[in-house]
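**Student:** Give the three-dimensional model of this entry:
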Amino acid sequence: MARKLEAIDFFVGQYGKGVTYAKMPKAHAVKVEDRVPPFLVARWKKEGLTHHADGFFWWVDPVEYEAVLASAVPALKHAAVVMRTGLGALVIFDERKTLGEKVAIFDPLDARLTPTTSSLSVVLNGWFTDEVIRADLTRYPLYLAALPTLGPPGPDEVYAPKRKGARTPPTAGALVKKPLSALYGR
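**Tutor:** Reported below is the predicted structural model:
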């Protein structure tokens, strides 16, 4: 467990301690403890649900995202969304390895599902802290370009294309704040 905690500590070192935006209900932690790594349950119990990097990375309550996951990626409805980005991408933990790996990232802007070849701690420690990988996988530069104009999204908000049906925004100017439900219909 110490190795995984180091990975989350590196993530926190890169993006800051985070801002707690909600408590993780005890019943929800119990419901998902067999579907997510123990270090996440411990973190949620201690820190609550937090966001980092000016609202780009959001630790989320997997129970609250069950319907979103079932709608977005039906094959993974048994898995757990553990994080989302300010652009609405979902970080999905799948103990069953349905896609051959335990971690996948779903990008709603182009309906791209990317199974990772790494554990969750490596995704946090390496993928999300490496500038090149993070830029390609999460569209972080697009978020940063829109941030000064739009300000950080709230707990149930994302940056999304102005036009309904526009899937890949070409510029930060093509984004507005919308409720998460605008992407996932929850």
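
**Student:** and the next element down the chain from the helix or strand of the chain with the lowest mean pLDDT?
**Tutor:** When the helices and strands of the chain are scored by mean pLDDT, DSSP states H and E, helix 2-15 comes last with a mean of 67. Sequence-wise, the next helix or strand downstream of helix 2-15 (DSSP states H and E) is strand 19-22.

**Student:** so what does that next one touch, helix or strand wise?
**Tutor:** Using 3 or more CB pairs under 8 Å, 6 or more residues apart in numbering; DSSP states H and E, the elements in contact with strand 19-22 are strand 49-52. C-beta coordinates here come from the backbone N, C-alpha and C atoms, glycine included.

**Student:** For residue 83, which non-adjacent residue is spatially closest?
**Tutor:** Among residues not flanking residue 83 along the chain, residue 91 sits closest, at 3.9 Å (CB to CB, 6 or more residues apart in numbering).

**Student:** same deal with residue 155?
**Tutor:** Closest residue in space to residue 155, ignoring its immediate chain neighbours: residue 21 at 4.9 Å, by CB to CB, 6+ apart.

**Student:** Quick check: the gap between that neighbour and residue 60.
**Tutor:** 10 Å (CB to CB, to the nearest Å).

**Student:** For the residue lying closest to residue 61 once chain neighbours are set aside, which residues are in contact?
**Tutor:** In space, and not counting its chain neighbours, residue 61 is closest to residue 28: 5.4 Å by CB to CB, 6+ apart. Residues near residue 28 by CB atoms under 8 Å, 6 or more residues apart in numbering: 61, 62, 63, 64.

**Student:** nearest to residue 116, of those?
**Tutor:** residue 62 (17.6 Å; CB to CB).

**Student:** Just confirm the closest one contacts residue 80, I think it does.
**Tutor:** Yes - using CB atoms under 8 Å, residue 62 is in contact with residue 80, at 3.8 Å.

**Student:** anything in contact with each of these two?
**Tutor:** With contacts defined as CB under 8 Å, 6+ apart, the residues shared by residue 62 and residue 80 are 32, 35, 36.

**Student:** who touches both of residue 21 and residue 60?
**Tutor:** Taking CB under 8 Å, 6+ apart as the criterion, residue 21 and residue 60 both touch residue 49.

**Student:** Counting neighbours, go ahead and name the busier of these two.
**Tutor:** Per other CB atoms under 10 Å, whichever of residue 21 and residue 60 has more neighbours is residue 60, with 23 against 16.

**Student:** List the residues that contact the more buried one.
**Tutor:** Applying CB under 8 Å, 6+ apart, the residues contacting residue 60 are 49, 81, 82, 83, 84.

**Student:** Which helix or which strand is home to the last one?
**Tutor:** With secondary structure defined by DSSP H and E, residue 84 is part of strand 80-85.

**Student:** any idea how far that strand is from the chain center?
**Tutor:** With CA atoms, centre = their mean, to the nearest Å as the basis, strand 80-85 stands 4 Å off its chain's centre.
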